[in-house]
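Chemist: predicted model and sequence below, questions to follow.
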Amino acid sequence: MNLLKKWFGGHPGAESSDARIVRWPGQSGTEYTYEVYPIDAVLPPVPGNYIYARQLEDGGWVPIYIAQTRDLHQRLEGHVSLEDAMANGATHLHVHFCTTTQAARYTEERDLVRRWRPLCNDPIET
């Protein structure tokens, strides 16, 4: 698939037949749909939420770090790096392309962090 078409031709990843989908439930009960990518995937410069996750032997997932950003290509500078996430067991990158407001991405991030309490996130009081 043409990389530019994937980045700018509608919802990123929507045309990919091999994309794996994971639904992460938040503390509120809301489920968020994420696409699974290799840990070192290069992503388009669009807003979204992401999870560095470790895949378990049974196929399940454990989040290592959950965050939101306005540019998935750069992710969040100054926060948990790819190297830090990998050092803490991350094997994959889960992405929710989200072009809504920063407030919506932030709400999703907090909802997921409250439920899953990832190793590399600061705890959020409920």
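Modeler: Thanks, I have the structure now.
Chemist: in which helix or strand does Glu109 reside?
Modeler: helix 102-116 (DSSP states H and E).
Chemist: now find how far off-centre that helix is within its chain.
Modeler: 11 Å (Cα atoms, centre = their mean, to the nearest Å).
Chemist: which of the residues in that helix are buried?
Modeler: Arg105, Thr107, Glu108, Glu109, Arg110, Asp111, Leu112, Val113, Arg114, Arg115, Trp116 (16 or more other Cβ atoms under 10 Å). All C-beta spots, glycine's among them, are computed from the backbone N, C-alpha and C.
Chemist: then Ala85 would be within a helix, right?
Modeler: Yes. Checked against DSSP: H, G, I helix; E, B strand; the rest coil, Ala85 lies within a helix.
Chemist: quick check, it in contact with Ile64.
Modeler: Yes. Between Ala85 and Ile64 there is a contact under Cβ atoms under 8 Å: 5.2 Å.
Chemist: overlap of the contact sets of those two?
Modeler: Common contact partners of Ala85 and Ile64 (Cβ atoms under 8 Å, 6 or more residues apart in numbering): Tyr52, Cys120.
Chemist: which residue is nearest the middle of this protein?
Modeler: Nearest to the geometric centre of the chain sits Tyr50, at 1.7 Å (Cα atoms, centre = their mean).
Chemist: hmm, that residue is touching Asp71, no?
Modeler: No. Counting by Cβ under 8 Å, Asp71 is not a contact partner of Tyr50; they are 11.1 Å apart.
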